[in-house]
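Visitor: let me see the structure of the following:
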Amino acid sequence: MNEDEPITPEITRRTVIETGTTALLLTTLPRAALGARPLDETEPPQPPVTVELQINGRLHSLTLDPRTTLLDALREHLALTGSKKGCDHGQCGACTVLIEGRRINSCLTLAVMHDGQSVTTIEGLAEGDNLHPLQTAFVEHDGFQCGYCTSGQICSAIGMLAESRTGMPSYVTDDLTQPQPELTDTEIRERMSGNICRCAAYPNIVAAIKQAARMPT
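Guide: Residues are numbered from 1 along each chain as shown. Predicted coordinates for the structure are as follows:
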């Protein structure tokens, strides 16, 4: 090779695709993102706040970063690890707890939003050695396998049954004039659709909920 000859870079299909993709991303980014300055690492953190939560009948006063989710407050600050962190995006239902009797995904809400409110987790359902009727039904119908989603399933089912008793309809409720929708298998599946069981114990979960609702299985 003659050292005086100009070097021509080899252009491959991969190079063209990578270059084009980078250019496209840069053109679609908002101006604010392109001109944003790096975060100032010297900026002081958010000052902690004091939150009082009535959890399973006991008052707890916590000093937390205001960005702490209710799930992290339960697990990391109170060692109540029955509520599971699954997807952390509100899609699996493993973190479901009861706030003033209503079910909620605890990973999607901040602890400070529930200051002074009553929180019930899976640890607060049994009375001593006496299991909650839904816990008993889950055991009798083998409504769990690995058990990871079970605490969220049970808390969600308790909230769901309360909603049904007040006459709250679901997407599949046929007759909206009924004071209380009939809890058919289809109705239960729809109402529990926000809780995922990767072991696929769904038929047993439905049977357990029907038993707890004092319905024939």
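Visitor: what helix or strand does the spatially most central residue of the chain sit in?
Guide: Centre of the chain computed as the mean C-alpha position; nearest residue by Cα atoms, centre = their mean is residue 90, 3.4 Å away. Remark: residue 90 resides in no helix or strand, with elements defined by DSSP states H and E.
Visitor: now it: how far from residue 105?
Guide: 4 Å (Cβ to Cβ, to the nearest Å). C-beta coordinates here come from the backbone N, C-alpha and C atoms, glycine included.
Visitor: and if you look at residue 115?
Guide: 19 Å.
Visitor: so which of the two has more stuff around it?
Guide: residue 105 (26 against 13; other Cβ atoms under 10 Å).
Visitor: thought the more buried one was touching residue 93?
Guide: Yes. The pair residue 105 / residue 93 is scored as a contact, 6.7 Å apart, by Cβ atoms under 8 Å.
Visitor: mutual contacts of these two, please.
Guide: Between them, residue 105 and residue 93 share the neighbouring residues residue 194, with contact defined by Cβ atoms under 8 Å, 6 or more residues apart in numbering.
Visitor: before we move on, back to that, report pLDDT for the residue nearest to the centre of the chain.
Guide: At residue 90 the predicted local distance difference test score is 95.
Visitor: got the phi and psi for it?
Guide: In this entry, residue 90 is assigned phi and psi values of phi 70, psi 20 (degrees, to the nearest 10).
Visitor: just confirm it contacts residue 107, I think it does.
Guide: Yes. The pair formed by residue 90 and residue 107 meets the contact definition of Cβ under 8 Å, at 6.0 Å.
Visitor: related to what we said a few turns ago, relative to residue 168, how far out is the residue nearest to the centre of the chain?
Guide: When Cβ to Cβ is applied, the distance between residue 90 and residue 168 equals 20 Å.
Visitor: next secondary structure after the lowest-mean-pLDDT helix or strand in the chain?
Guide: Least confident element among the helices and strands of the chain, by mean pLDDT, DSSP states H and E: helix 31-34 (a mean of 51). For helix 31-34, the succeeding helix or strand toward the C-terminus, using DSSP H and E, is strand 49-55.
Visitor: let's test this: mean pLDDT of that following strand, rounded?
Guide: For strand 49-55, the mean confidence score works out to 97.
Visitor: equivalent analysis for stretch 68-81, please.
Guide: The predicted model gives stretch 68-81 an average pLDDT of 98.
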